[in-house]
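Participant: I'll drop the sequence and a predicted model, then ask my questions.
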Amino acid sequence: MSLQESLDKHVKSAVLELFQKELETVEFQATRKEFDGDITVVVFPMLRLIKGNPVQIGEAIGNFLVDHIDTVKAFNVVKGFLNIEIKADHYLNFFNEIKDEIDFGLKQPVKGDKAIMVEYSSPNTNKPLHLGHIRNNLLGYSVSEIIKASGKKVYKTQIINDRGIHICKSMLAWQRYGNGETPESTGLKGDKLVGNYYVKFDQEYKKEIKQLLSQGHTEEEAKKKAPILLEAQDMLLKWEAGDNDVVSLWKMMNGWVYEGFDITYKNLGVDFDCLYYESDTYLLGKEFVDEGLRTGVFFKKEDGSVWCDLTEDGLDEKIVLRADGTAVYMTQDIGTAIQRLKDYPDVGGMVYTVGNEQDYHFKVLFLILKKLGFDWAKNLFHLSYGMVDLP
């Protein structure tokens, strides 16, 4: 029997013995912080049955509880509020009773209730997990466990951003400068090794920009015409075309990264029920971009890029497909959301654990999905949180 159940029983007994009235319900509330007490009995509703001064009625019930319940230490009455103090021993005994109950307080899912899918982590495969990822993982995992404890079925998931120009940058840099080194030959975690080559690409890219600037190009021209960037863009096109050599390199380096990620996840104590990969979902996203063009949700600009005009909704125009036909993050997120509902039809809502720098992105994503006609888009939620600036 809980503390409140015990108090409920004894307050009713007190009213019956002291006033010869049968009380159907007892109203409880938390004791206000300016008064002594742990739980408060509201006396005013009893005046419908008991005629008298609410303070005197409260004092009579309070004395009865002190005499009949060992856990009640003292009481005070403020107007019509009986504030009850509980002995510390009650809490100590309670914690000793439950400390070994692994499932204490956990509710079981109700059959037929909709499940919740929670996304967190969702790293890129061009660099290792960093401090921001750790924060995101612990937040997402904790929210998942809290929702699960409340009696909801939960699917913990992530979308691994395993393709795109940023991935090709690491691949190209390793191809140019790696001399065949591997995690085994260097003793580095795979994600750390691949991340080193992402940094190497940026270093070489800046050198080429500087050289083009010295030849008279504008900064904008230099950034677009740097040979190493053009080669990375060409590699992305080859990947999307299924080029055997590029795909083999991509699989090998991503494999190194996944092994590194697994070590980090194990050390953090987090896990996932299902994984999604951008390389699998971006094609589905492109399919619905085509559908959106046919239905007028999207429009095509002169350069061939595809956009969604959200200005009437107070937002902006958003690109969903580049002029060269390659996908952007929005394309991937459209495809992933759709695929998840197909894979898990019992899901009734999804939570995206992502920092607040992506607030606008998720407003756009949810709105586009609604415009595409997906009713479940109203149950999507962005769990936004602030960024940490390190000194």
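Facilitator: Cool, got the structure.

Participant: Next, count neighbours for the closest residue to Leu18 other than its chain neighbours.
Facilitator: Distances taken as Cβ to Cβ, 6 or more residues apart in numbering place Ala60 nearest to Leu18, at 5.4 Å, with adjacent residues excluded. Glycine gets a C-beta too; all of them are placed from N, C-alpha and C. Using other Cβ atoms under 10 Å, Ala60 has 18 other residues around it.

Participant: Ala60: helix or strand, and which one exactly?
Facilitator: helix 54-68 (DSSP states H and E).

Participant: same for the very next helix or strand once past that helix, what does it pack against?
Facilitator: Sequence-wise, the next helix or strand downstream of helix 54-68 (DSSP H and E) is strand 72-78. Using 3 or more Cβ pairs under 8 Å, 6 or more residues apart in numbering; DSSP states H and E as the contact test, the elements touching strand 72-78 are helix 54-68, strand 81-86.

Participant: re the thing from before, so the residue nearest to Leu18 sits right up against Val11, yeah?
Facilitator: No. Applying Cβ atoms under 8 Å as the test, Ala60 and Val11 come out as separate, 11.1 Å apart.

Participant: In terms of helix, strand or coil, where does Glu291 fall?
Facilitator: helix (DSSP: H, G, I helix; E, B strand; the rest coil).

Participant: before we move on, the earlier item: check which residues of the helix holding Ala60 are buried.
Facilitator: 54, 57-62, 64-65 (16 or more other Cβ atoms under 10 Å).

Participant: Run the angle between it and strand 72-78 for me.
Facilitator: 180 degrees (axes from the mean of the first three to the mean of the last three Cα atoms, to 10 degrees).

Participant: quick one: helix 54-68 to strand 81-86, angle?
Facilitator: Going by the same axes, to 10 degrees, helix 54-68 makes 20 degrees with strand 81-86.

Participant: how far does the helix or strand harbouring His10 sit from the chain's center?
Facilitator: Counting by DSSP H and E, the element that carries His10 is helix 3-19. Remark: helix 3-19 is offset 45 Å from the chain centroid, using Cα atoms, centre = their mean, to the nearest Å.

Participant: what are the ranges of the helices in the protein?
Facilitator: 3-19, 54-68, 88-98, 131-149, 165-177, 183-186, 190-214, 219-225, 227-240, 244-268, 278-295, 329-343, 359-371 (DSSP state H).

Participant: any chance of the helices and strands packed on strand 72-78 in CSV, plus distance to Trp307?
Facilitator: Formatted as CSV, the helices and strands packed on strand 72-78 follow (distance: least, Cβ to Cβ, whole Å):
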stretch, distance to Trp307
helix 54-68, 67
strand 81-86, 61
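
Participant: Reformat these as TSV; add mean pLDDT and distance to Met252.
Facilitator: Shown next, in TSV, are the helices and strands packed on strand 72-78 (pLDDT from 0 to 100; distance: least, Cβ to Cβ, whole Å):
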stretch	mean pLDDT	distance to Met252
helix 54-68	96	72
strand 81-86	97	63
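
Participant: Need the residues that contact the helix holding His10.
Facilitator: Residues outside helix 3-19 that contact it (Cβ atoms under 8 Å, 6 or more residues apart in numbering) are 1, 21-23, 26, 28, 39, 41, 46, 49-50, 57, 60-61, 64-65, 68-69, 71, 84, 86, 90, 94.

Participant: 6 Å instead, please
Facilitator: 21, 23, 26, 28, 41, 50, 60-61, 64-65, 68-69 (Cβ atoms under 6 Å, 6 or more residues apart in numbering).

Participant: what bits of the stretch 201-350 of the chain have low per-residue confidence?
Facilitator: Judged against pLDDT under 70, the stretch 201-350 of the chain has no low-scoring part.

Participant: can you rerun that using 90?
Facilitator: Scanning the stretch 201-350 of the chain for pLDDT under 90 picks out 240, 278-287, 324-329, 331-333, 335-336.

Participant: helices and strands around the helix holding Ala60, which ones?
Facilitator: helix 3-19, strand 72-78 (3 or more Cβ pairs under 6 Å, 6 or more residues apart in numbering; DSSP states H and E).

Participant: Out of those, which gets nearest to Asn196?
Facilitator: helix 3-19 (58.1 Å; Cβ to Cβ).

Participant: Buried ones in the closest one, by neighbour count?
Facilitator: 3, 7-8, 10-12, 14-15, 19.

Participant: would you put the C-alpha positions of that helix in PDB?
Facilitator: As requested, the backbone C-alpha atoms of helix 3-19 are provided in PDB (Å, rounded to 0.1, in the frame of the first residue of the first chain):
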ATOM      1  CA  LEU A   3       1.700   6.300   1.400                       C
ATOM      2  CA  GLN A   4      -1.200   8.100  -0.200                       C
ATOM      3  CA  GLU A   5      -3.400   5.000  -0.100                       C
ATOM      4  CA  SER A   6      -2.600   4.600   3.600                       C
ATOM      5  CA  LEU A   7      -3.400   8.200   4.400                       C
ATOM      6  CA  ASP A   8      -6.600   8.000   2.300                       C
ATOM      7  CA  LYS A   9      -7.800   5.000   4.300                       C
ATOM      8  CA  HIS A  10      -7.000   6.600   7.700                       C
ATOM      9  CA  VAL A  11      -8.500  10.000   6.800                       C
ATOM     10  CA  LYS A  12     -11.800   8.300   6.000                       C
ATOM     11  CA  SER A  13     -11.600   6.300   9.200                       C
ATOM     12  CA  ALA A  14     -10.900   9.500  11.100                       C
ATOM     13  CA  VAL A  15     -14.000  11.200   9.600                       C
ATOM     14  CA  LEU A  16     -16.200   8.200  10.400                       C
ATOM     15  CA  GLU A  17     -15.000   7.900  14.000                       C
ATOM     16  CA  LEU A  18     -14.800  11.600  14.800                       C
ATOM     17  CA  PHE A  19     -17.800  13.000  12.800                       C
END
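
Participant: got the domain boundaries for the chain?
Facilitator: Following automatic domain parsing, the chain resolves into domains at 3-90, 115-383.

Participant: Distance to Asp389 added to those, as TSV?
Facilitator: Output for these, formatted as TSV (distance: least, Cβ to Cβ, whole Å):
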stretch	distance to Asp389
domain 3-90	34
domain 115-383	11
